[in-house]
Structure formats: C-alpha cells, structure tokens
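Novice: with the input below, show me the fold.
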Amino acid sequence: THPPADVKEVIDASNRYVMPGIIDPHVHLGLFAPLKTELETETKAALFGGVTTIGCYFGGPESHFKVFPSIMEDIQSYSHTDVIPHLVIGSDEQKSEIVDYTKHFGITSFKIYMNGIPGLIPDVDDAFIMDVMDEIKRSGKECILCSHTENRYLVGRAFDKIKQEKGDNADIRDWTDTHPDIAEEEAVIRLAYLAENAELPVYMVHISSKAAIDRLRQIKPYNRYVNVETTSPYLSITRDSSMGNTIKMEPPFRDDKDLEALWEGVEDGLVDTIGTDNVTLTRAEKNIDASIWDTIPGYSALETHLPILLHEGVVKRNIPIEKVISKVTKNPAEKFNVYPKKGTISPGSDADIVIVDLNISKEIKAQDLSSRSDFSIYENRVVKGWPVTTIKAGKVVIRDGEFVANGSNGVYISR
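Specialist: Below is the predicted model of the structure:
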C-alpha cells in the first residue's frame, strides 16, 4: 500500500510495537534545582523514554495561589511533555482553598501525606483527610485524592528502634526496616475505609509491599473508590541491590516476595497504574556518601521507566504487552480525567505515539541519559526493549535516539 500523496513523512514501524505516548502519573520536579531547569532537562529525558505526559506534584507550605500561577507559565514555556498538575494539600489554608484551585487552575487531583518526610513534608491526620475529602466534594467536579499511604506512628516507631539499634552502622537493608510493611498495610485499610465513607475516589501512590497488595486484593473488589499505583523501580529493585545508598527511597525497596507480588498485581489487574516517583538529584544533592540517615530519598527514573517495564514485565515474565502498557497509557488517562485525549491512539486524541523495538538491548549508564542527575539506580544493567521513535502532538520529537524537536511544546493540562 502506498501512503496518500500529501503525507510528509513515512515511519517504518515493521517488527515494532506502536503504542500511545506513555503517561507517568507520578513525578516530582523542581525540588533540588529550579523548576525551569528540570522542566527543560527531565521532560526531555522523558521523551527519550517514550513518556509524553507527566503527572507532576506541586507542594510547599504557602497558599498555592502565591506560587502556582508562575508554575503554570513555566510549564507552557519550558516543558517538553504535557503536564497534569496535582496539588499537595498540607495546611489549613491550602485545604480551605481547594474549591478555588479546581475553579481557577483546572486541577482535579490532590495529594495528602499520611506519612510525610520530617522537615520537608508535613503528615496529616484522619480528621484533616476527612476535611479535605469534604472540600473536594464541595467543588462539584470529578476529583481524585492521591495519598502517600503509610501509618506515620508505625513508621516513627520502627525508625527510632532501628536508629537506636544500628546507629551509624545502618545500611540500605536496615533502611527497609524503618518503614515496615505493616505501616503500609494498615494505612491502605484506613484510607480505603475513609474513601468509602466519603464516596470519593482515592489513589494510593507507590504501593511497595506484598502485605499491602494482599490486603488490597481483599478490599478492592468490594470498594469501587480504591485505585492502586506502583512504580517501575519497585517492580525492578530490592534492598539486596548492590547500589547502596543510591537506592534510598520512601517507602523503601523491599524483598523479592514484595517485587513478585507487585508484578502479580500488575498481571491480574489489581494494580491500576505504574509511575516512577521521579525525584531528580545529583550524587552530591542526595548526599550519597553520608550515613543512610543523612542520605536524601529519590532518584531520576523517567527515561528508564518504559524500558524497565518492557524488560521486567514483557521480556522476562512474559506478561502480555497490552497488560503492561495499559497501566501507563489508558488507565492513568482515565484516573486523571484526560481520556480519550490521552492514553489511546484514535481519531480526535492527541497524537502522542511511541514506537518500541523489543529486540534492542542496551546497558544503562547514567552518562548516556538526558537527566541532569549524574547517577542511575540501574547503572550497568542490561535491559531489552527500548523506544526508538517518540511522536508528540503529531510531530516527531525523538528519531532513532536523536532529539529532533523544535523547541519545547509541552502543554499545561487543565481539567
């Protein structure tokens, strides 16, 4: 068959998979470098990895009316991907402004931390969560409440115990024990109950443990308000990794049994979506050479997100590619109210497309990636299955591993 006469370019995708642009629903930018910088570097890295839309969390102690308008402008000016914004609600002031955020910013996804990060992110109690749910419902819009789902008291108790026992000798394996799986399991039970009570959808971010997955398997069939996310790092790394402090994260990486339980959840549909929880840092910013207590959680993971899922899920575990890809296309698009604009290839949808070659193997090296980070949690890992062409809004932006976009054309997505 010959293409119509007015076609400008033909891309040969024979023996390759053509899929909707990948949506990473869970990204943090601008934490350790100016937002403008990371919108430039990290969303470019995202395109190399076939990711054309990111769900980005924006927090901070002040009213979002003070800082968010300039964030909206920065997204339009500097981002290479489209951005679905999520707002963190951590103070009474922010809570009281939720209805206005939906009106003025077109935001319908919010986040609370049942367990925060001391000194960085405050955690909130159940009364606060119920207030937030009430405010969200008052907006009259179809909203979803994201949550870092761990019991703060159980984490605090384990943290103190391990720190006292191990002191400065503690390593990355001990770090896992500071966030016991019971803390995640208890919190998913509680949040699911609050969601059902409020009749409001909740979205449990970065679920990491078999205990939580097993519990959700009992809850989810009877509770239509529960949505479950895990991340590509939790599906590919355990605490036995040789990467040491590099892989410090919250929640921490756990054991093989947890990783396999997460894949089981992906395969049987218990897990709805897969993100990265990308937090871009350099080795110096992460403080990698300090004790485990003084190392900062986080790593950049946008560019390796899709290859890791293809390698671990499709190549290694023989999970049908459609099952894996729906978790990073159609499902997040539906959960965050951007389907069918995103998450599908069909007439009228945004023309975001990625072409993948499942036969390409590459060794991951931080120096070859486009992030401003100078380390990768996958350093030297050989991964099979890579994107070769990324099309964003109908224009080729990555061709055979080369960045060919004409400037940045990311869009702030208002819902």
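Novice: burial measure for the closest residue to D171 other than its chain neighbours, as a count.
Specialist: Leaving aside its sequence neighbours, D171 sits nearest to I292 (CB to CB, 6 or more residues apart in numbering; 6.1 Å). Quick note: C-beta positions are derived from backbone N, CA and C, even for glycine. Here the number of neighbours of I292 (other CB atoms under 10 Å) works out to 20.
Novice: which residues sit against stretch 132-147?
Specialist: Where contact means CB atoms under 8 Å, 6 or more residues apart in numbering, the residues beyond stretch 132-147 that reach it are 57, 86, 89, 95-96, 98-99, 102-103, 108-114, 124, 129, 187, 191, 194-195, 198-205, 227, 335-337, 415.
Novice: and if you look at stretch 339-353?
Specialist: With CB under 8 Å, 6+ apart as the contact definition, stretch 339-353 has outside contacts at 18-21, 23, 52-53, 82, 329-334, 389-394.
Novice: now it: buried residues?
Specialist: For stretch 339-353, a neighbour-count test (16 or more other CB atoms under 10 Å) marks 339-344, 349-350, 352-353 as buried.
Novice: tell me the one of these nearest A366?
Specialist: Set against A366, the nearest of those by CB to CB is D352 (26.7 Å).
Novice: so what's that closest one closest to, chain neighbours aside?
Specialist: G21 (2.9 Å).
Novice: so the closest residue to P85 other than its chain neighbours versus S79, what's the distance?
Specialist: Closest residue in space to P85, ignoring its immediate chain neighbours: I107 at 5.6 Å, by CB to CB, 6+ apart. Look at I107 and S79: by CB to CB, to the nearest Å, they are 16 Å apart.
Novice: how far does stretch 289-300 stretch from start to finish?
Specialist: One end of stretch 289-300 to the other measures 18 Å (CA to CA, to the nearest Å).
Novice: what comes up buried for it?
Specialist: 292-293, 295-300.
Novice: mind checking what secondary structure the residue nearest to D171 has?
Specialist: The three-state label given to I292 by DSSP: H, G, I helix; E, B strand; the rest coil is coil.
Novice: repeat that for V383.
Specialist: Classification of V383 using three-state DSSP returns strand.
Novice: likewise for K111?
Specialist: Here K111 is strand, with the state taken from three-state DSSP.
Novice: thinking again about what came up before, and I107 and S79? which has more neighbours close in?
Specialist: S79 (26 against 23).
Novice: what is the burial count for M204?
Specialist: M204 is flanked by 25 other residues according to other CB under 10 Å.
Novice: measure it to A195 for me?
Specialist: M204 is 10 Å from A195, where distance means CB to CB.
Novice: distance from the chain centre to the longest helix along the chain, please.
Specialist: What stands out as the longest helix in the chain, according to DSSP state H, is helix 181-198. Here helix 181-198 shows a centroid-to-chain-centroid distance of 20 Å under the convention CA atoms, centre = their mean, to the nearest Å.
Novice: which helices and strands sit right next to whatever helix or strand comes next after that helix?
Specialist: Per DSSP states H and E, the first helix or strand lying C-terminal to helix 181-198 is strand 202-204. Other elements packing on strand 202-204 under the criterion 3 or more CB pairs under 8 Å, 6 or more residues apart in numbering; DSSP states H and E are strand 144-148, helix 181-198, strand 226-231.
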